[in-house]
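With the sequence up front, the predicted model follows.
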Amino acid sequence: MKNTQDHSERLTWLLGPAVAALALLAWELVVRVTQLPAFILPAPGAVWGRLLIAVQDGTLLRHGLVTLQEVLLGLAIGVLAAALLGYWLARSPRWERLLAPFVVASQSVPIVAIAPLLVIWFGPGLLSKTLICALIVFFPILINTIVGLHSVPQELRDLMRSLQASRAQTFRLLELPAALPVFMGGLRIGATLSVIGAVVGELVGADRGLGFLINVGRGQYDTALVFVAVFALVALALSLYGLVVLAERRWLWWQQKSNPSSFSYGEQ
Amino acid sequence: MVSNAPLLSVEKVSASFADRNGQLAVLRNVSFSVPRGQFVCVLGPSGAGKSTLLRLLAGLLPASRGRILFAGQAVQGPQAGVGLVFQDANLMPWRTALDNVALPLELRNDPDAIDRAWDMLNLVGLRGFEQALPSELSGGMAQRVAIGRALVQDPQLLLLDEPFGSLDALTREKMGEELLRIWELEHKTVVMVTHDIHEALYLADRVLVLGRRPASIKLDMQVKLARPRKLAVRYSPAFGRMAARLRAAIEN
């Protein structure tokens, strides 16, 4: 049994790169068979060449750093605001009932629709992008903070109460660790959403960033550049996700020991 | 200090709670007192309010009427000097066995928390499991950790809420023996809720029987069995007679 399991695990490991290679191959085939012009679908090789140029002339790094800055700032602000509000709401059921409909309603407004407004109000610079990121990150973090805090077992609350723990102690020793798994689940979603937020903002109005680069590529029929920017965005989102997973492994070691999650980088 | 005064006295306590259909009376006019060092078991049919009584004693719930005195002071909330063991071990899954036991001391910033927790784990028979997580412990071991956590702060009163309720019969007997062994070493005052007549008789100096809701005390029985007790005491005629009396009190 153990042997077959090892075997299938190795297969799973090989599967990722194999799928990627197949996709590249299919892409190359499509280009060759259909003879599509490069401004519609550039070949993988062409995209690779464009990537090297963008790396060498510093374009990719310059615009990538702008987007990274927006993403991280927006994520930080969104997470902080959502966690604080979530903690407060979880502690006051009346306010939670009162505010829940508004929070849900606010979430049903598509971020793409209000991004132009934010750019009009806060200018085409860093501020509007950061706000868009923060807004898009806010909801999943808020919900997961509240759900996480509600998941703290009542018996453990009773225990802390019977031990006369202060509110700060209850937070640090009970609520924080108990709510952390669900909170981190929200952070995984938030981290990738933040990248989307930044791109949306940049597409609406910006003079730098990976979203801006996509616009430039499109305008100049430099479709390979669009691909380069898209792949850079994917890499950025994946790295952020990976960082959250790493943090989870560090902070939730006690949980990984009993039930490792499969939504992470080749763990198992 | 007056050693004759009871450690705990419950005076005409009633408890009721708001539920969907208005007020639900759980306890009515319950009175008893527990002298220092006594091991008391509270028996009753399920839903009789045994756990409510224990939560009142722990100061986790307020009484609707009457009062509870602990060491001469009216109980108005959770207080130092009381150790609590819940039905499930109720351990923090992110803390090792050692850190779970150390928790009450850590809350009081005791610099010797870890050392004392270490000794306590030894006492409850878990040497070698200091670094184990709750998820790696069996039900009986987890409950030992919980007992260690309740005892580590050296409480005057130990409250146990069906502590072995979720364990299988054999582990349950073993844990009962283990609890007696620890109790004979530490000689705490104990109030333990259970629905198991044999467990109550085997462990306690005295058994209180609660009736149906709203419950009051239907029987207050001294258990005159010599200590230290062996498990075999369960098969003696005196044990059988007392068990029959308790069963009759619970059932009518």
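Okay, I see it.

Enumerate the residues of the stretch 151-268 of chain A near chain B.
A:153, A:155-156, A:158-159, A:161-165, A:169, A:173-174, A:177-178, A:252, A:254-255, A:257-258 (C-beta under 8 Å from any C-beta of the partner chain). Heads up, the C-betas are built off the backbone N, CA and C, glycines and all.

Which stretches in the stretch 101-250 of chain B count as helices?
For the stretch 101-250 of chain B, the helices defined by DSSP state H, counting those that start in this stretch occupy B:113-123, B:139-151, B:169-186, B:197-203, B:237-251.

out of these, nearest to chain A?
helix B:139-151 (8.5 Å; C-beta to the nearest C-beta).

Give me the contact list for that closest one.
B:83-86, B:89-91, B:97, B:100-101, B:103-104, B:117, B:120-121, B:123-126, B:129, B:132, B:134, B:137, B:158-160, B:163-164, B:166-168, B:171, B:174-175, B:178-179, B:182, B:186, B:188 (C-beta atoms under 8 Å, 6 or more residues apart in numbering or on different chains).

Could you list which of those residues belong to strands?
B:83-85, B:158-160 (DSSP state E).

can you narrow those residues to ones near chain A?
Applying C-beta under 8 Å from any C-beta to those, those adjacent to chain A are B:L84.

Let me have the ones in strands among the contacts of helix B:139-151 in JSON lines, adding pLDDT and distance to B:L8 as columns.
Below are these laid out as JSON lines (pLDDT from 0 to 100; distance: C-beta to C-beta, whole Å):
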{"residue": "B:G83", "pLDDT": "93", "distance to B:L8": "13"}
{"residue": "B:L84", "pLDDT": "94", "distance to B:L8": "14"}
{"residue": "B:V85", "pLDDT": "94", "distance to B:L8": "16"}
{"residue": "B:L158", "pLDDT": "94", "distance to B:L8": "11"}
{"residue": "B:L159", "pLDDT": "95", "distance to B:L8": "10"}
{"residue": "B:L160", "pLDDT": "95", "distance to B:L8": "14"}
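
Closest one to A:A198 out of the ones in strands among the contacts of helix B:139-151, please.
Set against A:A198, the nearest of those by C-beta to C-beta is B:L84 (50.3 Å).

contacting residues around the closest one?
Per C-beta under 8 Å, 6+ apart, neighbours of B:L84: A:158-159, A:162, B:58, B:150, B:159, B:161.

could you redo the last one with a cut-off of 7 Å?
For B:L84, the contacting residues are A:159, A:162, B:58, B:150, B:159, by C-beta atoms under 7 Å, 6 or more residues apart in numbering or on different chains.

That one and B:F70: what is the separation?
The gap separating B:L84 from B:F70 is 13 Å, by C-beta to C-beta, to the nearest Å.

Could you look up the SS state of the residue in the stretch 1-150 of chain A that chain B sits nearest to?
In the stretch 1-150 of chain A, the residue that lies nearest chain B is A:G148 (13.3 Å; C-beta to the nearest C-beta). Per DSSP: H, G, I helix; E, B strand; the rest coil, the secondary structure class of A:G148 is helix.

That one reaches A:A179, doesn't it?
Yes - with contact defined as C-beta atoms under 7 Å, A:G148 reaches A:A179; the gap is 3.2 Å.

If you drop the residues flanking it in sequence, what lies closest to the most centrally placed residue in chain B?
Nearest to the geometric centre of chain B sits B:L160, at 1.9 Å (C-alpha atoms, centre = their mean). The spatially closest residue to B:L160, leaving aside those adjacent along the chain, is B:M192, at 4.0 Å (C-beta to C-beta, 6 or more residues apart in numbering or on different chains).

Contact partners for the one you found?
B:41, B:160, B:203.

partners of it in the sheet?
B:C41, B:L160 (DSSP bridges).

now B:M221
Under the criterion used (DSSP bridges), B:M221 bridges to B:V207.

these two touch, right, it and B:L201?
No - judged on C-beta under 7 Å, B:M221 makes no contact with B:L201 at a distance of 9.1 Å.

More neighbours: the two, which one.
Neighbour count, other C-beta atoms under 10 Å in any protein chain shown: between B:M221 and B:L201, B:L201 has more, with 24 against 18.

you'd agree the more buried one is up against B:F239?
Yes - with contacts counted by C-beta under 7 Å, B:L201 reaches B:F239, the gap being 6.0 Å.

Spit out the residues that contact these two alike.
Common neighbours of B:L201 and B:F239 (C-beta under 7 Å, 6+ apart) do not exist.

Flag every residue of chain B that's near chain A.
B:58, B:60, B:78, B:80, B:82, B:84, B:86, B:88, B:90, B:92-94, B:104, B:107, B:133, B:135 (C-beta under 7 Å from any C-beta of the partner chain).

Quick one: buried ones out of the residues you listed?
B:58, B:60, B:78, B:82, B:84, B:86, B:88, B:90, B:92-94, B:104, B:107, B:133 (16 or more other C-beta atoms under 10 Å in any protein chain shown).

All the helices of chain A, in order from the start?
A:2-34, A:44-56, A:59-91, A:93-107, A:111-122, A:126-150, A:154-162, A:167-170, A:176-204, A:210-219, A:223-251, A:253-258 (DSSP state H).

Give me the distance between A:N215 and chain B.
Distance, A:N215 to chain B, using C-beta to the nearest C-beta, to the nearest Å: 47 Å.
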